[in-house]
Structure formats: structure tokens, C-alpha cells
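S.K.: just a sequence and a predicted model for now, questions to come.
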Amino acid sequence: MAQGDSVVSDGTSSTSLKPVVPVSAHPVATAEAAPTFSPAQVAARYAGTAPHQWGVDLPGITSSFPAAGKQFALTLDACGGHGNSGIDQALIDFLTVEQVPATLFLNKRWVDADPTRVQRLAANPLFELANHGGAHKPLSVSGRAAYGIAGTGSAEEAAYEVWDNHERITQLTGRAPRFFRAGTAHYDEVAVAICHELGETPLGFTVNADFGATASAAQVQRAMSAATPGGIALAHMHRPNSGTAAGMAAAIPALRAAGFTFVHL
């Protein structure tokens, strides 16, 4: 960025920086068809179904994509709630100036804390907005917990954890989210099926870049150095005092120098 330029809070420069429309990867999933059933009907189909699998990497969760060359995807979560509804503007500004596309997973609490902020992000062609749930819960039909956070306790609660924020993001931006990531990124296989039936693709990751925005800049840089073609990085954008922005500012140029390109999913 030239001397004297500044980046305003919607992630655009005060100069005539012309955004480059990001390259898209071979799609990990096409936009899924509108749901055949209402959320209540989807939940009713799975009511009482007992899950047998649990984790961050189950069948039906997309954790990588078929890359054309050394393509890599960056995803950022905004978790919302008490102490978690800020924005790492330094990170957003860096991605904007460097023209790095990213998929932003927004929790409904984060959305509701500042809806105009969401609309500004949606207007930036570098960013695709995705769904990080209503209450930031692991997606479960039995209440199973991850990292001490209780999951959704029934098929109905799981369906509305997806759907309430799906509707909110669609209302604000005019575009329905294609991807969903549960709070903590944990699911059971019944909840994965519910998510698909509601028209969203559950997204996982291959690189945990900042460990919930608790990692230092050096740790973020080191984690990102493990990038492989077709991989998906998970980091966070709601803690401006974390090491994420500085770590990405070091890691992304190094990956580009190694031949990587960053793409939308």
C-alpha cells in the first residue's frame, strides 16, 4: 500500500485500489438446492435417531478440495458472544490490501452485534459469508460437548442452529450461505445429514492456524507453513489482540513465494 493510503473499516482502501475478483477453486460443493422440507420437517425426519460418530472429520464434512495446482483456501470464524464480538480489522485490512480471498464464518451473535459491519464485508468481493451457527454450539442431536461447550440437544435444536442464522445472513445480504461450520467444528453424523438437507455444506479444515485465536504470531506462521494443495485453513477474526493478523502477515507472503495461490471455495 502506498505511503499515505489508509484502509477504512469496511476493508477497502481510501485510494482507488481496484479489487481483483478472486479465483475460485474447483468447487468443493455446488450451491445445494433449496431444502425440500422446512427445518421442523427435517428435524422430525431425524427425531430419535441415535448418532454413532463424533468429531471434526466425518463423512459428509468437506475438509479439502480438488486443487488446480498449489491452491489453498483461508477461512475465518467470528464466534460472537461476550468478549467475542469484535473484529480483527488489521487482519481484514491485510487481506484486502494483499487481495487474499477468504470465507468468513459468522455466528449469529456476531452478526447481531453490528449488522452494518456484516453488510460491508458482504460488499467486498474478496469475502464469501458463511454460517457459523446461531448460538455457536457443536452440532449434535444428543447434547454432546466439545471443549466444554454443550452441543445442540436434539434434531430440532440442531436444525435451528443452522437455519436461524441461514435466514439472518440471507436477510442482511441477499445471498444465502453455502457453507456451515459448527461451533468448535464438531458434529455427529446425524447433524451432518440435517445440515445437508437444509442446503448447506458442513465445512471442516486441514490446518488449525490459530487455535481459537489463542496462538502467537509465530505459532500461526508455523501452522500455516503446513499448507498443502487443496487444504483449508481455520483461523479467527473476532479477537483483534490475538496473534492471528501478524502471523498471517508473515505466513501468506511466504506461501505465495512458494507458489501457492489463495482461492474461494
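M.R.: Yes, it's here.
S.K.: next, count neighbours for residue 72.
M.R.: Using other C-beta atoms under 10 Å, the number of residues around residue 72 comes to 25. In this view, the C-beta of every residue, glycine as well, is placed from N, C-alpha and C.
S.K.: let me redo that: residue 229
M.R.: 17.
S.K.: leaving out sequence neighbours, find the closest residue to it.
M.R.: residue 67 (4.1 Å; C-beta to C-beta, 6 or more residues apart in numbering).
S.K.: and the one you found, that one's in a helix?
M.R.: No: counting by DSSP: H, G, I helix; E, B strand; the rest coil, residue 67 is not found in a helix; it is coil.
S.K.: distance of it from residue 96?
M.R.: As judged by C-beta to C-beta, to the nearest Å, residue 67 and residue 96 stand 24 Å apart.
S.K.: check residue 258 too.
M.R.: 22 Å.
S.K.: more neighbours: which of the two?
M.R.: Between residue 258 and residue 96, counted using other C-beta under 10 Å, the more crowded position is residue 96 (22 against 10).
S.K.: what helix or strand is that one located in?
M.R.: helix 89-98 (DSSP states H and E).
S.K.: strands of the stretch 101-250 of the chain, residue ranges please.
M.R.: In the stretch 101-250 of the chain, the strands defined using DSSP state E, counting those that start in this stretch lie at 102-106, 127-131, 179-180, 187-188, 201-202, 207-208, 231-236.
S.K.: between these, which gets nearest to residue 139?
M.R.: Evaluated over the strands of the stretch 101-250 of the chain, closeness to residue 139 peaks at strand 187-188, with 4.6 Å, by C-beta to C-beta.
S.K.: residues making contact with the closest one?
M.R.: For strand 187-188, the surrounding residues in contact (C-beta atoms under 8 Å, 6 or more residues apart in numbering) are 51-56, 58, 61, 138-142, 144, 151, 195, 202.
S.K.: mark which of these are buried, thanks.
M.R.: 51, 54, 56, 58, 61, 138-142, 144, 151, 195, 202 (16 or more other C-beta atoms under 10 Å).
S.K.: what residues are up against residue 152?
M.R.: Listed by C-beta under 8 Å, 6+ apart, the contact set of residue 152 reads 137-141, 143, 158, 161, 191.
S.K.: neighbours around the nearest residue to it once chain neighbours are set aside, how many?
M.R.: Closest residue to residue 152 apart from its sequence neighbours, by C-beta to C-beta, 6+ apart: residue 158 at 4.3 Å. Residues lying near residue 158 (other C-beta under 10 Å) number 33.
S.K.: from memory residue 158 sits against residue 143, does it?
M.R.: No: look at residue 158 against residue 143 with C-beta atoms under 8 Å: they stay out of range, at 10.2 Å.
S.K.: my read: residue 238 touches residue 84, true?
M.R.: Yes: with contact defined as C-beta under 8 Å, residue 238 and residue 84 form a contacting pair (5.1 Å).
S.K.: between the two, which contacts overlap?
M.R.: With C-beta under 8 Å, 6+ apart as the test, residue 238 and residue 84 both reach residue 110.
S.K.: higher neighbour count, the two?
M.R.: Comparing residue 238 with residue 84 by other C-beta under 10 Å, the one with more neighbours is residue 238, at 25 against 19.
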